[in-house]
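>>> the following block contains a protein sequence and its predicted model.
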2 protein chains.
Amino acid sequence: MATIKDVARAAGVSTATVSAVVNDTAYVSPELRGRVLAAVRDLRYAPSLVARNLRSGRSQLIALAVADLANPFYARIVTAAEAAVAAWGYSLVLFNSDEKPDIEKRILSRIRTLGCDGSVLVPVGPESQYQRRDFEGGVPVVLLGRSIGDAGVDTVTIDNVSAGKQATNYLLDLGHREIGSITGPTQLTTGSGRLQGMLEAMAARGLAPKTGHVRSGEFREDTAYSVARDLLGQLARPTALYVANGVMAIGVMRAVADLGLRCPEDISIASTDTVAGAGGLKPRLTRTEHPVADMTNEALRMLVDRIEDKVTLPARNVVFQPALVVGESCAPVR
Amino acid sequence: MATIKDVARAAGVSTATVSAVVNDTAYVSPELRGRVLAAVRDLRYAPSLVARNLRSGRSQLIALAVADLANPFYARIVTAAEAAVAAWGYSLVLFNSDEKPDIEKRILSRIRTLGCDGSVLVPVGPESQYQRRDFEGGVPVVLLGRSIGDAGVDTVTIDNVSAGKQATNYLLDLGHREIGSITGPTQLTTGSGRLQGMLEAMAARGLAPKTGHVRSGEFREDTAYSVARDLLGQLARPTALYVANGVMAIGVMRAVADLGLRCPEDISIASTDTVAGAGGLKPRLTRTEHPVADMTNEALRMLVDRIEDKVTLPARNVVFQPALVVGESCAPVR
DNA sequence: CTCTCTTAGCTAATCGTTTAGCTGTCTCTT
DNA sequence: AAGAGACAGCTAAACGATTAGCTAAGAGAG
């Protein structure tokens, strides 16, 4: 790879002049400018970002660490983030913490080392893991999807309580009274919030799920499948089920089919968040959808603000609202 | 951010000693070593990769440029690549060319500028776009999924002809004679190869698809949906359909349902490659599956070989074999 | 004609590391 | 007791860019 010195030598000028021409940062006579540009072409010179960044302290890199790349929900975040990052003139460095707090720790230190200008993080650890000082003075961070107490950090989340409420109210409006739920991990705000919303919606009508009708599916398709098989195989099964995420909904649908039940005739299913392939699912799921792209864009806008302004605004927490999308997976209770 | 100088000052040693301790590259007395480590902890020092890389000429970055991030097939590649890259001690920089050759060009120059140590590329341009010298002497490249003539570049591909053959032979063995196909773009080897395999399989039994029974679905769900609706709405519709990828298969299934047809009773569907959510699809698709993870791992192994060996081995082309996975979407012809 | 002002283009310092090569101390040998 | 060898730890030179500050030459004014 040719360096700025090679170009300077070839054009018979100093490196300062080459830099001036390349970055268009000072006037250079047409004659020299021509010689420099010719040399650049001949030597196929591309300035080294590494060197440039060492000097400027910027890396033009934004890191994104998601909780589970294999989950289509995060795949959508990645897609949106790549586009947004590119639009802002940065490049995206991608990490997968695989829901493991210790991997996340390593990722965070790697992000520091790489000198990323900022990072978007879907936190996976228990709240206790994070300390305020982890974020202060280091690489600017925006948390996405999950919040972690009052870490004094910008955060973009969905209103999980509202998601659970909307889906459950829809089922209640159809006349269902015995509603069960397959929840996510309750130590995550996405898990506990949705469950809370469901419980609140039922409580508002003086109802509560039967014991054993609320079970954790760990946000995983296979776990949800087994739990649903077990739950729906019982005699006293609920007439409707609220499933806390899209991947689990697919597992539940499979369990329903394998048990010989029909949806929505025998059991109504409503879920929160969706997955890419779910469009082809029959029946189409009734669900609350997250504005994933909007949330991701907002997170990056906030991050770039922090990076480029350097103003120490107080941390903001932007909450998006889920929207109920009616499919064919719910029917009035018989 | 603390620098190596700050640490050196705090520990009362030279920067060389700090470097030796941090990288464990020379013997340092326990006493000094202790002081250095303490200073590192106190100052939360993390060596700057930027500076380190400037010196070493390495960036520890591997770029991955895929053709369409929104396609679950590439999402799986991204997942596998992130894991593999991390396992080799690099970090992944992700780009999406969105099937646009000019965006790809910009990405390639960005990869050079960033000083990535290597890159995995799913090429989207017409073969004519690439010139041998684009790859020679620059950042090492491995092409994934699609090949581009004899660019003298390492390549990992799937045997597309075999995929088309296997799926079609399965349909033929069930007694189907009027088989149609929804293909990908035929200027891509993934599109043309699969079609060629299908035609060869039929030709081997003295058959050929009827005119109008072979149509392009552009590897897109919505296009495949419309094409399938049109194709299957006709009176003289085929009894079986070979769909060239997973996303399109979902579109086709939707079209089948919307036309009031039953699969597999009225129409058999076989496809190539799969999508994440397809596990929940009813009926389960009969398809040829790509060993995506294996292919991605192999591509990265080859790339890391190039990066670290610097041996100028001749370019290799590794071809993987697809495997037929039988679902419930095909039935014997009536 | 000389003095000042302008400015094109150069020199050299800087960013944060790594590392070749040097210095000075200590130990061992004869 | 002095010379040789070993080696812990230091100094300073890279890596490839940007940029503050300098030099020197040309132009305009008096």
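Thanks, I have it. Numbers count the residues shown, from 1 in each chain, chains lettered A, B, ... in the order given.
>>> where in the stretch 101-250 of chain A is pLDDT low?
A:127-137, A:150-151 (pLDDT under 70).
>>> how about the helices in it?
A:101-114, A:132-135, A:160-173, A:189-203, A:221-233, A:246-258 (DSSP state H, counting those that start in this stretch).
>>> burial count for residue A:234?
By other C-beta atoms under 10 Å in any protein chain shown, 10 other residues sit near residue A:234. (Each C-beta comes from the backbone N, C-alpha and C, glycine too.)
>>> give me every residue in the stretch 51-200 of chain A lying close to DNA strand C.
A:51, A:54, A:55, A:57 (C-beta under 7 Å from any atom of the strand).
>>> cutoff 10 Å now
Contact residues (C-beta under 10 Å from any atom of the strand) of the stretch 51-200 of chain A with DNA strand C: A:51, A:52, A:53, A:54, A:55, A:56, A:57, A:113, A:115.
>>> mean neighbour count added to the helices of the stretch 101-250 of chain A, as CSV?
Formatted as CSV, those follow (neighbours: other C-beta atoms under 10 Å in any protein chain shown):
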stretch, mean neighbour count
helix A:101-114, 18
helix A:132-135, 14
helix A:160-173, 23
helix A:189-203, 22
helix A:221-233, 20
helix A:246-258, 24
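>>> using JSON lines, please lay out these together with distance to residue B:86.
Shown next, in JSON lines, are those (distance: least, C-beta to C-beta, whole Å):
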{"stretch": "helix A:101-114", "distance to residue B:86": "9"}
{"stretch": "helix A:132-135", "distance to residue B:86": "21"}
{"stretch": "helix A:160-173", "distance to residue B:86": "30"}
{"stretch": "helix A:189-203", "distance to residue B:86": "25"}
{"stretch": "helix A:221-233", "distance to residue B:86": "24"}
{"stretch": "helix A:246-258", "distance to residue B:86": "23"}
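>>> which one of those lies nearest to residue A:334?
Checking those against residue A:334 by C-beta to C-beta gives helix A:160-173 as the closest, at 13.8 Å.
>>> from what I can see residue A:243 touches residue A:252, true?
Yes: using C-beta atoms under 8 Å, residue A:243 is in contact with residue A:252, at 5.3 Å.
>>> now the common contact residues for the two.
A:182, A:217, A:224, A:269, A:271 (C-beta atoms under 8 Å, 6 or more residues apart in numbering or on different chains).
>>> wait, which of the residues you listed is closest to chain B?
residue A:224 (10.8 Å; C-beta to the nearest C-beta).
>>> now the shared contacts of residue A:243 and residue A:252: which count as buried?
Buried positions within those, assessed by neighbour count (16 or more other C-beta atoms under 10 Å in any protein chain shown), are A:182, A:217, A:224, A:269, A:271.
>>> TSV for those, including distance to chain B?
Output for those, formatted as TSV (distance: C-beta to the nearest C-beta, whole Å):
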residue	distance to chain B
A:182	15
A:217	14
A:224	11
A:269	12
A:271	12
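>>> of all these, which two lie farthest apart?
A:217 and A:269 (12.7 Å).
>>> now do the shared contacts for these two.
Common neighbours of residue A:217 and residue A:269 (C-beta under 8 Å, 6+ apart) are A:243, A:252.
>>> DNA strand D: which of the helices of the stretch 101-250 of chain A is closest?
Of all the helices of the stretch 101-250 of chain A, helix A:101-114 sits nearest to DNA strand D, with 16.4 Å by C-beta to the nearest atom of the strand.
>>> between the residues of the stretch 51-200 of chain A next to DNA strand C, which is nearest residue A:149?
For those, the nearest to residue A:149 is residue A:113 (26.5 Å; C-beta to C-beta).
>>> got the contact list for the closest one?
B:46, B:47, B:48, B:49.
>>> let me know the closest of those to residue A:157.
residue B:46 (28.8 Å).
>>> residue A:83 versus that closest one, what's the distance?
Taking C-beta to C-beta, to the nearest Å as the criterion, residue B:46 is separated from residue A:83 by 30 Å.
>>> also residue A:302?
16 Å.
>>> the more surrounded of these two?
residue A:302 (22 against 19).
>>> on the pLDDT front, check that one for me.
With respect to pLDDT, residue A:302 scores 93.
>>> go ahead and confirm it touches residue A:156.
Yes: under the criterion of C-beta under 8 Å, residue A:302 makes contact with residue A:156 at 7.1 Å.
>>> which neighbours do these two have in common?
With C-beta under 8 Å, 6+ apart, residue A:302 and residue A:156 have common neighbours A:142, A:318.
>>> now check stretch A:84-98, is it near chain B?
Yes: contact of stretch A:84-98 with chain B (C-beta under 8 Å from any C-beta of the partner chain) involves A:86, A:91, A:92, A:93, A:94, A:95, A:96.
>>> mind checking the end-to-end distance for that stretch?
In stretch A:84-98, first residue to last residue: 23 Å (C-alpha to C-alpha, to the nearest Å).
>>> that one: which residues count as buried?
Here stretch A:84-98 shows A:84, A:85, A:86, A:90, A:91, A:92, A:93, A:94, A:95, A:96, A:97, A:98 as buried, counting by 16+ other C-beta under 10 Å.
>>> helix/strand/coil for the last one?
Under the three-state scheme (DSSP: H, G, I helix; E, B strand; the rest coil), the conformation of residue A:98 reads as coil.
>>> surely residue A:170 and residue A:331 touch.
No: judged on C-beta under 8 Å, residue A:170 makes no contact with residue A:331 at a distance of 11.6 Å.
>>> list the contacts of residue A:182.
Counted by C-beta under 8 Å, 6+ apart, residue A:182 has contacts A:215-217, A:224, A:227-228, A:231, A:241-244, A:248, A:252.
>>> ok, 10 Å please
Counting by C-beta atoms under 10 Å, 6 or more residues apart in numbering or on different chains, residue A:182 makes contact with A:195, A:213-219, A:223-225, A:227-228, A:231, A:241-245, A:248-249, A:251-252, A:255, A:269, A:271.
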